[in-house]
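[1] Fold the following.
(chains A and B)
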2 protein chains.
Amino acid sequence: MSEPDAKRAKTDGDHPYELTYWPLMPGRGEFVRLLFEDTNTPFTDYSKLPPQEAVARVTELVTLTNNGDAASPPIFAVPALRHGPNVLLNQTPNILQYIAPRVGLAGNGSEVDLLNLNGIVLTLLDGFSNEVHETHHPVASSQYYEDQKPEAKKRAANYVDERLPKFLGYVQRVLNGEASGDGPWLYGGQCTYADLVLFQCIHGLSYAFPKSMEKARASGNLKGVFELYEAVAERPNIKAYMESDRRVAYSDGIYRHYPELEEHVGESDDE
Amino acid sequence: MSEPDAKRAKTDGDHPYELTYWPLMPGRGEFVRLLFEDTNTPFTDYSKLPPQEAVARVTELVTLTNNGDAASPPIFAVPALRHGPNVLLNQTPNILQYIAPRVGLAGNGSEVDLLNLNGIVLTLLDGFSNEVHETHHPVASSQYYEDQKPEAKKRAANYVDERLPKFLGYVQRVLNGEASGDGPWLYGGQCTYADLVLFQCIHGLSYAFPKSMEKARASGNLKGVFELYEAVAERPNIKAYMESDRRVAYSDGIYRHYPELEEHVGESDDE
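    Okay, here's the model as predicted:
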């Protein structure tokens, strides 16, 4: 195979999709996996290698001496997606934005659709993934949860009392808006990758903060949000995936269940 | 003017760019402004209205009863950019990704260039903007700094000791990599919006954490990072802007100077 002109070559759909991520947790890799699973798109998932090998693959990508190649800047963190010699991407929303139009999960695929979906997805990931990680690691992501527990309790209380309702309310606004179109979906009257991202967020949040999510569901103000969750859960490929052994259990990733982080929820009437 | 088909209409370069943001601080709006300033692109900046009016514009966009319109989902937070009837975007990296190819700051403008630049920019904004906000608001963005000062000191110590060097090291890896091309730039041998984003990050960090940034500069391992900063600072339009009264001083935004947050820096030899 001759060497393609890296910068100008078109991305080639015949190359395999290769996902590099940490083993033994859904993590941020899960957002990427759901796009492939929902559309039955073949992909190689290196997080499923024996754990030591999977970790070695991550380390090799993000190590200080790996500066990328002629076509691609270096990788800061995983998930990372390789798709042929000219495409190596990191940053979850960036990877999703690349895959979604190729697997038919980006609305009409127009520039405006891509941007509107990306705006929604960035907010979902901020509110339901990045900020969730902060609830158990508010001081330092490199230190143990046990060593930042008092700070975590404060941060988590603020999260479930203020931030979570604020972000869930935003999702309901999106659903109430005209641009969401018909049906349960967030945008344009059809299932897009934003819906899959929301599904994984709600699933993870329900594991991490069951009392808070039950309270949100019972409030009745967020009917559309939970209907959308159910609609994605019923999609045949998603349903099959969630029941399969390809779906990894939550562990020490973004979504962790520490009951003490929402122990105050439901204790008083004005909560 | 007849009503265009919202979903299918092309974005129209003849419409004015309208930026909505909080008044009296550079904030995340500054990343957007620099793309316009560097390229002499006219834009309306509603943050420059009398403060009460500017705040009212923000509130109107993000209020719970504003669900967007037929073309655009609702806005979660500012900065927000309107560009004609069919484009209303939020999320800083999303707005930048829209503007950059239109003003010639996105490399060759190919899909791969847009994705590679977006990957770099998302990491810059994570490490040098979002995480900086966490240093003074590790418990709750809705509470005063003074009420979360002990936690802020811990978080900031971790930031300047671990996270800041890690992210600066990543930038140097990008610059060392082949994909950065010739010259001081991050990607493809030409100035792109990623360089402007880095410039604003380093400028803000130097204000917020002067001792830590001086230490980083003196270390000698990050030569390219600071050379890039200087190269952007010398661009005529950027230079003129930074000296103009259009550039707003730092205040209660992302970049704040609280000396106590880096008081330990430089106190011991093994720091």
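
[2] switch to C-alpha atoms for all contacts and neighbour counts from now on
    Will do.

[3] Other residues contacting the helix or strand harbouring A:Ala152?
    According to DSSP states H and E, A:Ala152 maps onto helix A:149-158. Residues outside helix A:149-158 that contact it (CA atoms under 8 Å, 6 or more residues apart in numbering or on different chains): A:134-139, A:145, A:260-262, A:264, B:138-140, B:151.

[4] Over to stretch A:105-114?
    Identification of contacts with stretch A:105-114 by CA under 8 Å, 6+ apart yields A:35, A:97, A:100-101, A:117, A:187-188, A:190-193, B:7-8, B:11, B:86-87.

[5] Please identify the buried residues of that stretch?
    Residues A:105-108, A:112-114 are the ones in stretch A:105-114 that count as buried (16 or more other CA atoms under 10 Å in any protein chain shown).

[6] pLDDT and distance to B:Thr44 added to those, as JSON lines?
    Formatted as JSON lines, these follow (pLDDT from 0 to 100; distance: CA to CA, whole Å):
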{"residue": "A:Leu105", "pLDDT": "98", "distance to B:Thr44": "34"}
{"residue": "A:Ala106", "pLDDT": "98", "distance to B:Thr44": "30"}
{"residue": "A:Gly107", "pLDDT": "96", "distance to B:Thr44": "30"}
{"residue": "A:Asn108", "pLDDT": "95", "distance to B:Thr44": "30"}
{"residue": "A:Val112", "pLDDT": "97", "distance to B:Thr44": "21"}
{"residue": "A:Asp113", "pLDDT": "98", "distance to B:Thr44": "24"}
{"residue": "A:Leu114", "pLDDT": "98", "distance to B:Thr44": "24"}
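
[7] what's the most distant pair in the contacts of helix A:149-158?
    With distances taken as CA to CA, the most widely separated pair in the contacts of helix A:149-158 is A:Val139 and A:His264, at 21.5 Å.

[8] ok, those two, which is more surrounded?
    A:Val139 (30 against 16; other CA atoms under 10 Å in any protein chain shown).

[9] quick one: is stretch A:72-88 near chain B?
    Yes - counting by CA under 8 Å from any CA of the partner chain, chain B has neighbours in stretch A:72-88: A:72-74, A:76, A:86-87.

[10] Out of these, which sit inside helices?
    Assignment to helices by DSSP state H places none of these there.

[11] Turn those residues into JSON lines, columns for pLDDT, distance to A:Arg155 and neighbour count.
    Formatted as JSON lines, those follow (pLDDT from 0 to 100; distance: CA to CA, whole Å; neighbours: other CA atoms under 10 Å in any protein chain shown):
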{"residue": "A:Ser72", "pLDDT": "98", "distance to A:Arg155": "37", "neighbour count": "27"}
{"residue": "A:Pro73", "pLDDT": "98", "distance to A:Arg155": "35", "neighbour count": "30"}
{"residue": "A:Pro74", "pLDDT": "98", "distance to A:Arg155": "33", "neighbour count": "31"}
{"residue": "A:Phe76", "pLDDT": "98", "distance to A:Arg155": "26", "neighbour count": "26"}
{"residue": "A:Asn86", "pLDDT": "96", "distance to A:Arg155": "41", "neighbour count": "21"}
{"residue": "A:Val87", "pLDDT": "98", "distance to A:Arg155": "38", "neighbour count": "23"}
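
[12] Helices of the stretch 151-271 of chain A, start to end?
    Using DSSP state H, counting those that start in this stretch, the helices found in the stretch 151-271 of chain A span residues A:164-176, A:193-208, A:210-219, A:223-233, A:236-243.

[13] Report the contact partners of the residue most central in space within chain A.
    Among the residues of chain A, the one closest to the centroid is A:Phe31, at 3.6 Å (CA atoms, centre = their mean). Neighbouring residues of A:Phe31 by CA under 8 Å, 6+ apart: A:92, A:96, A:196-197, A:200.

[14] Local confidence estimate at it?
    Looking at A:Phe31, its pLDDT is 98.

[15] Also A:Asp14?
    84.

[16] Wait, a helix at it?
    No - applying DSSP: H, G, I helix; E, B strand; the rest coil, one finds A:Asp14 to be coil, outside a helix.

[17] What segments of chain A are strands?
    Assigned by DSSP state E, chain A shows strands spanning A:17-20, A:43-45, A:80-83, A:88-90.

[18] Tell me which strands the last one pairs with, and in which orientation.
    Each strand pairing with strand A:88-90, determined using DSSP bridges, is listed with its direction: strand A:80-83 (antiparallel).

[19] ok, now the first one?
    Looking at strand A:17-20 with DSSP bridges, its paired strands and their directions are strand A:43-45 (parallel), strand A:80-83 (antiparallel).

[20] ok, and which of those strands has the densest surroundings?
    Greatest average neighbour count among the strands paired with strand A:17-20 goes to strand A:80-83 (a mean of 22), per mean count of other CA atoms under 10 Å in any protein chain shown.

[21] Isn't A:Leu89 up against B:Ile120?
    No - contact criterion CA atoms under 8 Å: A:Leu89 and B:Ile120 do not qualify, at 9.6 Å.

[22] Touching both of those two, which residues are there?
    Residues touching both A:Leu89 and B:Ile120 by CA under 8 Å, 6+ apart: none at all.

[23] My guess is A:Asn118 contacts A:Tyr98. True?
    No - applying CA under 8 Å, one finds A:Asn118 not in contact with A:Tyr98, separated by 10.7 Å.

[24] would a markdown table of the strands paired with strand A:17-20 with mean pLDDT be doable?
    A markdown table is the format used below for the strands paired with strand A:17-20 (pLDDT from 0 to 100):
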| stretch | mean pLDDT |
| --- | --- |
| strand A:43-45 | 98 |
| strand A:80-83 | 98 |
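
[25] Those strands: which one's closest to A:Thr65?
    Closest among the strands paired with strand A:17-20, using CA to CA: strand A:80-83, at 17.0 Å.

[26] hmm, back to that, distance to A:Leu19 for the strands paired with strand A:17-20 - can I get that in CSV?
    Formatted as CSV, these follow (distance: least, CA to CA, whole Å):
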stretch, distance to A:Leu19
strand A:43-45, 5
strand A:80-83, 5
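
[27] count of neighbours near the nearest residue to A:Tyr144 once chain neighbours are set aside?
    Excluding its sequence neighbours, the residue lying closest to A:Tyr144 (CA to CA, 6 or more residues apart in numbering or on different chains) is A:His137, at 7.9 Å. If you count neighbours by other CA under 10 Å, A:His137 ends up with 25.
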